[in-house]
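A.B. asks: Kindly generate the corresponding structure for this input.
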Amino acid sequence: MIYHLIHTFKKLDKKIVSLMKFSWLFCFVIAILATSFLISYHFYPLPILFTIGFSIVKTTLFFAVTILICGIGFDTILKEKHT
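C.D. replies: Below you'll find the model as predicted:
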């Protein structure tokens with residue numbers, strides 16, 4: 001299963017991979033912002049800081065997984081269209 005996923009990821013179109021990398025970089029920057037909210041909660045125990053930080057972390061993880069799934073799906077659709 002994992003071998004199949006790695007093999008599929010290696011065969012992706014270069015444009016799709018570059019778009020996915022840019023999107024993952026965006027997710028990483030947003031996750032760092034969320035981490036700063038969670039760290040500030042440690043120093044200033046306001047519940048809203050924890051809620052905001054945790055919500056942003058959940059959103060960025062969901063967005064990162066969605067990028068992976070949509071990238072593989074779009075590449076599969078393009079390959080089936082050209083064959």
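
A.B. asks: Pretty sure Cys27 sits against Thr60.
C.D. replies: Yes: the pair Cys27 / Thr60 is scored as a contact, 4.7 Å apart, by C-beta atoms under 8 Å. (Each C-beta comes from the backbone N, C-alpha and C, glycine too.)

A.B. asks: And the pLDDT at the residue most central in space within the chain?
C.D. replies: In the chain, the C-alpha nearest the mean C-alpha coordinate belongs to Ala64, at 1.3 Å (C-alpha atoms, centre = their mean). In this model, Ala64 is scored at 94, pLDDT.

A.B. asks: gap between it and Lys81?
C.D. replies: Using C-beta to C-beta, to the nearest Å, one gets 26 Å for the distance from Ala64 to Lys81.

A.B. asks: that older thread, ok, the residue nearest to the centre of the chain - contacts?
C.D. replies: 23-24, 27 (C-beta atoms under 8 Å, 6 or more residues apart in numbering).

A.B. asks: which residue packs closest to Ile72, ignoring adjacent ones?
C.D. replies: Counting by C-beta to C-beta, 6 or more residues apart in numbering, Thr8 is the residue found nearest to Ile72 once chain neighbours are left out, at 6.0 Å.

A.B. asks: Let me see the ranges of the strands in the protein.
C.D. replies: For the chain, strands defined by DSSP state E do not occur.

A.B. asks: Would you tell me which helix is longest in the protein?
C.D. replies: Counting residues, the longest helix in the chain under DSSP state H turns out to be helix 47-82.

A.B. asks: Could you give me the buried positions within it?
C.D. replies: By 16 or more other C-beta atoms under 10 Å, the buried positions in helix 47-82 come out as 49, 52-53, 56-57, 60, 64, 67, 71-72, 75.

A.B. asks: Need those in CSV (columns: distance to Ser36).
C.D. replies: Output for the buried residues of helix 47-82, formatted as CSV (distance: C-beta to C-beta, whole Å):
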residue, distance to Ser36
Leu49, 10
Ile52, 10
Gly53, 8
Ile56, 10
Val57, 11
Thr60, 13
Ala64, 18
Ile67, 22
Gly71, 28
Ile72, 31
Asp75, 34
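
A.B. asks: Max pairwise distance over those: which two?
C.D. replies: The distance between the two most remote of the buried residues of helix 47-82 (C-beta to C-beta) is 39.3 Å, for Leu49 and Asp75.
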